[in-house]
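S.K.: build me a model:
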Amino acid sequence: MIVVMGATGATGNALLHRLLALGAPVRALTRTPHRTIPGVTDTHRPPVEVRYADAADPRSLHAAFEGADRLFLAMANGPAQVELETRVVDTAARAGIGHVVKISAPAAEPDSPVAVSRGHHAIEEHLRGSGLSHTILRPYAFMQNLLRLAPGVERGVILGATGDAPCNHIDCRDIADVAAAALTRPDAAGGTHVLTGPEAVTHSELAAKLSVLTGRRIRYVDLAPDELRDDLIRHARMPGWLADHVTEIQQLAANRPEAPTTAVADILGRPPRTLDAFLREHRSHFHR
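M.R.: A predicted model of the protein is given here:
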């Protein structure tokens with residue numbers, strides 16, 4: 001039995017679909033009792049098993065892990081992430097989970113300039129010291145998050161603080177496919193893998209792609225980091241810690257130029273989805 005945490009997120013939900021297609025037994029966890037998982041529990045027959053579990057409640061976690069031998073660990077980034085994910089790891093070890101696939105972050109280093117990445121480093125170290133067999137996936141920026149640019153695209157601009165630095169993006173479905181391989185194929189389990197799409201693009205190149213997609217001129221406006229942070233708080237309504245995170249990862253890209261890896265192709269035997277294909281698939285999202 002494979003337990004999927006983060007089953008309502010873009011990656012977790014895609015993973016559920018992939019595991020079901022592979023015929024693997026799946027248990028999805030949710031903090032909302034009696035919740036269905038859209039597109040999965042309401043259409044799949046037999047339905048996916050859904051269990052209540054809260055990372056802040058070790059008893060609920062232990063009950064949710066009973067009878068399972070593999071765990072997909074993905075939680076939303078946040079101030080309490082290190083505490084919650086290390087608790088999940090400890091509970092999984094006590095419950096007899098055999099293998100954990102953890103979603104981490106790029107630059108998961110003890111001295112990373114990105115606070116969230118420092119947190120993921122701490123969780124990774126805790127997982128390594130737990131005695132659990134594990135696979136660590138470090139994906140770059142999710143293509144799905146680009147859909148949040150739609151309001152700016154409507155005004156003809158996208159904002160950032162990366163200058164002319166290239167940035168990696170990856171489709172969450174590719175992350176899910178790699179996770180499914182690590183959870184179901186012994187040859188794909190283990191190790192630490194940095195996941196990207198097939199190309200790194202600058203924000204100006206992204207604006208050009210959106211211009212072609214929409215038939216309207218979209219400009220990239222490069223801001224100072226403090227200006228970007230202020231805009232994210234004022235207009236995107238982000239909490240301060242999240243605005244800090246977005247600004248930090250953009251500055252990381254500016255100071256440490258990004259380049260694609262071959263990890264997805266190496267594991268799956270096929271190339272990752274392209275940014276152009278993703279944008280075409282979601283073209284209507286930018287034409288509201």
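S.K.: quick one: the strands in this protein?
M.R.: 2-4, 26-30, 49-52, 70-73, 99-103, 133-139, 141-142, 157-160, 167-170, 191-195, 200-201, 219-222 (DSSP state E).
S.K.: ok, of these, where does mean pLDDT dip lowest?
M.R.: Between the strands of the chain, the lowest average pLDDT goes to strand 49-52, which shows a mean of 83.
S.K.: and it, which strands flank it?
M.R.: Partner strands for strand 49-52, per DSSP bridges, with pairing direction: strand 26-30 (parallel).
S.K.: return the alpha-carbon coordinates of the partner strand using PDB.
M.R.: What follows is strand 26-30, C-alpha atoms only, in PDB (Å, rounded to 0.1, in the frame of the first residue of the first chain):
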ATOM      1  CA  VAL A  26      -3.200   3.800  -3.000                       C
ATOM      2  CA  ARG A  27      -4.300   5.600   0.200                       C
ATOM      3  CA  ALA A  28      -4.700   9.300   0.000                       C
ATOM      4  CA  LEU A  29      -4.500  11.400   3.200                       C
ATOM      5  CA  THR A  30      -6.400  14.600   3.900                       C
END
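S.K.: where does the stretch 1-150 of the chain dip in pLDDT?
M.R.: 33-47 (pLDDT under 70).
S.K.: again, 90 this time
M.R.: 6-9, 21, 23, 30-59, 76-79, 148 (pLDDT under 90).
S.K.: burial of the closest residue to N13 other than its chain neighbours, as a residue count?
M.R.: Excluding its sequence neighbours, the residue lying closest to N13 (C-beta to C-beta, 6 or more residues apart in numbering) is A7, at 6.3 Å. All C-beta atoms are positioned from the backbone trio N, CA, C, and that covers glycine. Using other C-beta atoms under 10 Å, A7 is surrounded by 24 other residues.
S.K.: ok, now V194?
M.R.: When neighbours are counted by other C-beta under 10 Å, V194 registers 20.
S.K.: who touches it in this structure?
M.R.: With contact taken as C-beta atoms under 8 Å, 6 or more residues apart in numbering, V194 is in contact with P106, R138, P139, Y140, T261, A263.
S.K.: T196 is in contact with the last one, correct?
M.R.: If I follow you right, that is A263. Yes: with contact defined as C-beta atoms under 8 Å, A263 reaches T196; the gap is 7.5 Å.
S.K.: quick check: the residue nearest to K209 when sequence neighbours are not counted vs D171, distance?
M.R.: Nearest residue to K209 in three dimensions, chain neighbours excluded: L279, at 6.0 Å (C-beta to C-beta, 6+ apart). Using C-beta to C-beta, to the nearest Å, L279 is found at 11 Å from D171.
S.K.: V26 now?
M.R.: 21 Å.
S.K.: equivalent analysis for F142, please.
M.R.: 8 Å.
S.K.: neighbour count: the two, which is higher?
M.R.: D171 (25 against 16).
S.K.: what residues are up against the closest residue to that one other than its chain neighbours?
M.R.: Closest residue to D171 in three dimensions, ignoring its sequence neighbours and counting by C-beta to C-beta, 6+ apart: R273, at 4.2 Å. By C-beta under 8 Å, 6+ apart, the contact set of R273 is M143, D171, R173, D174, G197.
S.K.: likewise H282?
M.R.: Contacts of H282 (C-beta under 8 Å, 6+ apart): L147.
S.K.: go on, R128?
M.R.: H134.
S.K.: go on, V88?
M.R.: The neighbours of V88, taking C-beta under 8 Å, 6+ apart as the test, are M5, A55, L61, L71, L73, M75.
S.K.: swap the cut-off to 7 Å and go again
M.R.: Taking C-beta atoms under 7 Å, 6 or more residues apart in numbering, we find V88 in contact with A55, L61, L73.
S.K.: take those and write them to CSV, including neighbour count and distance to I158.
M.R.: Output for the contacts of V88, formatted as CSV (neighbours: other C-beta atoms under 10 Å; distance: C-beta to C-beta, whole Å):
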residue, neighbour count, distance to I158
A55, 21, 34
L61, 24, 40
L73, 25, 32
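S.K.: residues near A105, how many?
M.R.: The local packing of A105 (other C-beta under 10 Å) involves 22 other residues.
S.K.: try N77
M.R.: Neighbours around N77, by other C-beta under 10 Å: 14.
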